[in-house]
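Enquirer: heads up, no residue letters with this:
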């Protein structure tokens, strides 16, 4: 039995085990899953000194989050996680607000279309259009970091690739938390960490991939950016936990980026789980946010 050094991880794992549904429980609907992740996000409200405004970007709902004292032209364009099927500004409001406050940046969280109702490439199309709308609206690409967690991390890279190919200005950086950048869902980490990853299991992640891609090729570059040409992309910061099945694919993404001569920083956090900065009760998440904020400030002075 694995013994964890971080007592907060011990408590978190115990909490997850206590609320886990029994093996014979019926599969939740997409609507139930969406309500669940929104409730998780609402459990930790954003900092009080962050102003949250509903807006529209390229015809899609979005939120603008402005911390007190935000730098005039430092922008975080954030793409939420949720396997391309669940999640939105409501689920990720607190996480993004904490990131924006730490980085002294104005953040924009896009409510891109979700699968299975809107499969690939809807999310990519929405993200690229929203990024262009931000730039056309006066936000400087040179002062903008695109960020995202899990599926939003993979979408961040896909958006940067598609924006490059469309001739749009290059952002200042890409910030990726536990990116789902390989929808094949098979790697060494799936074998080694599959039994101890408390967030992702093989059955569910395959279900999300099927909902997003259907019978299409999961190796398409904008579906799985580990197969994309990353030449010309801006610097990347990848944060991933040592205890998640996506760790190997994060390392692969860093390798692909490095081979394309991209400035890439890969940080594997010991004992950490999938998207641990999302969970406000984990102090390691706060430290990861501070690390990301320092990195963003260095990219966008």
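Expert: All right, it came through fine. Every value quoted in this text rests on a predicted model; they were computed, and no experiment measured them.
Enquirer: Now residue 221. Its backbone dihedrals?
Expert: Dihedral pair for residue 221: phi -60, psi -40, per degrees, to the nearest 10.
Enquirer: per-residue confidence for the residue nearest to it when sequence neighbours are not counted?
Expert: Of all residues not flanking residue 221 in the chain, residue 228 sits nearest, at 3.5 Å (Cβ to Cβ, 6 or more residues apart in numbering). Every residue, glycine included, has its C-beta placed from N, CA and C. pLDDT recorded at residue 228 is 98.
Enquirer: Look up how far residue 148 lies from residue 228.
Expert: 15 Å (Cβ to Cβ, to the nearest Å).
Enquirer: of the two, who's got more company?
Expert: residue 148 (30 against 24; other Cβ atoms under 10 Å).
Enquirer: Helix, strand or coil: sort out the more buried one for me.
Expert: Of the three states, residue 148 takes strand under DSSP: H, G, I helix; E, B strand; the rest coil.
Enquirer: pretty sure it is touching residue 181, no?
Expert: No - look at residue 148 against residue 181 with Cβ atoms under 8 Å: they stay out of range, at 10.5 Å.
Enquirer: tell me, what's touching the two both at once?
Expert: residue 154 (Cβ atoms under 8 Å, 6 or more residues apart in numbering).
Enquirer: one step back: list the residues that contact the residue nearest to residue 221.
Expert: Contacts for residue 228 (Cβ under 8 Å, 6+ apart) come out as 157, 158, 161, 221, 222, 256.
Enquirer: Filter those residues down to just the ones in strands.
Expert: With DSSP state E as the criterion, strands contain none of those.
Enquirer: And those residues, which is closest to residue 135?
Expert: Nearest to residue 135 among the contacts of residue 228: residue 161, at 16.5 Å, using Cβ to Cβ.
Enquirer: quick one: that closest one from residue 170, how far?
Expert: From residue 161 to residue 170 the distance is 11 Å (Cβ to Cβ).
Enquirer: Check residue 241 too.
Expert: For residue 241, the distance to residue 170 equals 29 Å [Cβ to Cβ].
Enquirer: So between these two, which is more surrounded?
Expert: Per other Cβ under 10 Å, whichever of residue 241 and residue 170 has more neighbours is residue 241, with 27 against 14.
Enquirer: Go through stretch 188-207 and flag the buried ones.
Expert: Within stretch 188-207, the residues that count as buried by 16 or more other Cβ atoms under 10 Å are 189, 190, 193, 197, 198, 199, 200, 205.
Enquirer: residues contacting the first one?
Expert: Shown here is residue 189, whose contacts under the criterion Cβ under 8 Å, 6+ apart are 244, 245, 246, 247, 248, 249.
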